[in-house]
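In: give me a 3D structure for the following:
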Amino acid sequence: MSVQNTPDTITLRRPDDWHVHFRDGAIMAAVVPWTARVFGRAIVMPNLPEPITTIAAAAAYRDRILAYVPDGVSFTPLMTAYLTDDMDPQEIVRGHAEGVFTAVKLYPAGATTNSSKGVTNIRNAWPVFEAMQRAGVPLLVHGEDVGPDVDVFDREAVFIGTTLVDILRDFPSLRIVFEHATTADAVQVVRDNPDRMAATITTHHLMLNRTDLFRGGLRPHHYCLPVAKREKHRLALREAATSGEAQFFLGTDTAPHPVRDKESDCGCAGVFNAPTAMGCYAEVFEDEGALDNLEAFASLNGPRFYGLPIADQVVMLRRTPDDAPHHVVPDGAESPEMDGIKVFRGGGETRWRVEGPTALDGGSSA
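Out: Okay, here's the model as predicted:
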């Protein structure tokens, strides 16, 4: 099925989100329904305070997520393993064979939220990469070099020119997703390796450049890692996302933090966009004159890379202000103003709203 557009509606296969942070506890309970109501599946990132490194931990986390999926809603969390210096390769292989691990996530130690237990020396991961290559397990990379002498705006390009080239050279059959790409450099390396690489692209990196972090004052709710880059990089991402090319697909990197943790002396990195993501993507594709390519980016390219079936449901995007709130407030919050989670472009700022999902034959289906 291809996208069927009218001037005020877009119909497409139910999308998937290939990069999600759910956290745990009360925050997870508050944010899971926003992803599950729109997206059929989601790649769940493993960077909890105690990272997900074993089959048992991943299965237990999956069960906790499913407990917060609203009744009547079909949603599948796809679990990932957190790569460490001493990861057991056979744990990855077994977890993948048992259908628990969909992929493995590489965080350079210190790169982002809860990444302190990530990889300190990429060569420590070589035995794991070899096992993953043989077993067909995808590697998802947070592509930043976080060395103390590397400028924060150059981290992605430096990672590509050092670490990634070594992985590509030494593991020619390892399939790699460059997560939350932020630069023209990332777009190019994915295009240079079309048979083995893909990239997810977020809403905020398509809509913000680094100047937006400081427009009218410091904007902590626009701060994420990797940080937004120069305008030329934002334009390169928009061209890639809307191109229809199979290597690029939707990954929101939705990352909830309470307001108090964003608006602080050492604010947390992350943009919470799950409630508005599809509306934001539709705006970008409309502005680029590429609405006919939205379904490929949101609903087709990701499943094909991961070898999963295309959804048998559809959603409709209607041209009307989105009804997402300004904030999502976890249960038990002492101060909604400070314990709430600010929604990216919430409060009716997007011009497209999601309806559905419904079954392909038009019947009701969640």
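In: for H221, see how far away H204 is.
Out: 10 Å (Cβ to Cβ, to the nearest Å). Backbone N, C-alpha and C define where each C-beta goes, glycine included.
In: what's the answer for I167, then?
Out: I167 is 33 Å from H221, where distance means Cβ to Cβ.
In: same thing with F171?
Out: According to Cβ to Cβ, F171 stands 38 Å off from H221.
In: next one: I10
Out: I10 is 27 Å from H221, by Cβ to Cβ.
In: neighbour count winner among those two?
Out: I10 (24 against 19; other Cβ atoms under 10 Å).
In: list the beta-bridge partners for that one.
Out: Here I10 sits in beta bridges with N5, L317, as judged by DSSP bridges.
In: for it, give its distance to R319.
Out: 8 Å.
In: repeat for E349
Out: Using Cβ to Cβ, one gets 14 Å for the distance from E349 to R319.
In: same question, E283
Out: Computed as Cβ to Cβ, the E283 to R319 distance reads 10 Å.
In: so which of the two has more stuff around it?
Out: E283 (20 against 15).
In: that one and E349 touch, don't they?
Out: No - counting by Cβ atoms under 8 Å, E283 sits too far from E349 to count as a contact (9.7 Å).
In: tell me the confidence at H326?
Out: Listed pLDDT for H326 reads 95.
In: report the contact partners of the residue lying closest to it once chain neighbours are set aside.
Out: Using Cβ to Cβ, 6 or more residues apart in numbering and skipping the chain neighbours, the partner closest in space to H326 is G347 (4.1 Å). Residues near G347 by Cβ atoms under 8 Å, 6 or more residues apart in numbering: 324-326.
In: did I read that right, G347 in a strand?
Out: No - when classified by DSSP: H, G, I helix; E, B strand; the rest coil, G347 is found to be coil rather than part of a strand.
In: could you measure from it over to A36?
Out: Relative to A36, and taking Cβ to Cβ, G347 is found at 22 Å.
In: helices along the stretch 51-200 of the chain, start to end?
Out: 55-66, 89-97, 126-135, 155-159, 165-170, 184-192 (DSSP state H, counting those that start in this stretch).
In: nearest to V314, out of these?
Out: helix 55-66 (23.3 Å; Cβ to Cβ).
In: where in the chain is pLDDT low?
Out: 1-4, 361-366 (pLDDT under 70).
In: 90 instead, please
Out: 1-7, 322, 334-337, 356, 359-366 (pLDDT under 90).
In: run a quick neighbour tally on V137.
Out: Neighbour tally, V137, other Cβ under 10 Å: 23.
In: what sits against the nearest residue to it once chain neighbours are set aside?
Out: Distances taken as Cβ to Cβ, 6+ apart place H96 nearest to V137, at 4.8 Å, with adjacent residues excluded. Counting by Cβ under 8 Å, 6+ apart, H96 makes contact with 102, 135-137.
In: can you say which of those are buried?
Out: Burial by neighbour count, judged by 16 or more other Cβ atoms under 10 Å, picks out 102, 135, 137 from the contacts of H96.
In: quick check: the last one touching V100?
Out: So that's V137. No - using Cβ under 8 Å as the test, V137 is too far from V100 to be in contact (11.4 Å).
In: can you tell me, leaving aside adjacent residues, what's nearest to H327?
Out: G340 (3.6 Å).
In: does that neighbour touch P258 like I think?
Out: Yes - at 6.8 Å, G340 counts as touching P258 under the criterion of Cβ under 8 Å.
In: list the residues that contact E179.
Out: Here E179 is in contact with 19, 105, 140-143, 199-200, 251, 253 (Cβ under 8 Å, 6+ apart).
In: could the residues you listed go into CSV alongside distance to C268 and neighbour count?
Out: Listed next are the contacts of E179 as CSV, based on distance: Cβ to Cβ, whole Å; neighbours: other Cβ atoms under 10 Å:
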residue, distance to C268, neighbour count
H19, 17, 25
K105, 19, 25
L140, 21, 27
V141, 21, 24
H142, 16, 25
G143, 20, 29
A199, 24, 27
T200, 21, 25
G251, 19, 26
D253, 13, 28
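In: which of these fall within strands?
Out: When the contacts of E179 are checked against strands (DSSP state E), the matches are 19, 105, 140-141, 199-200.
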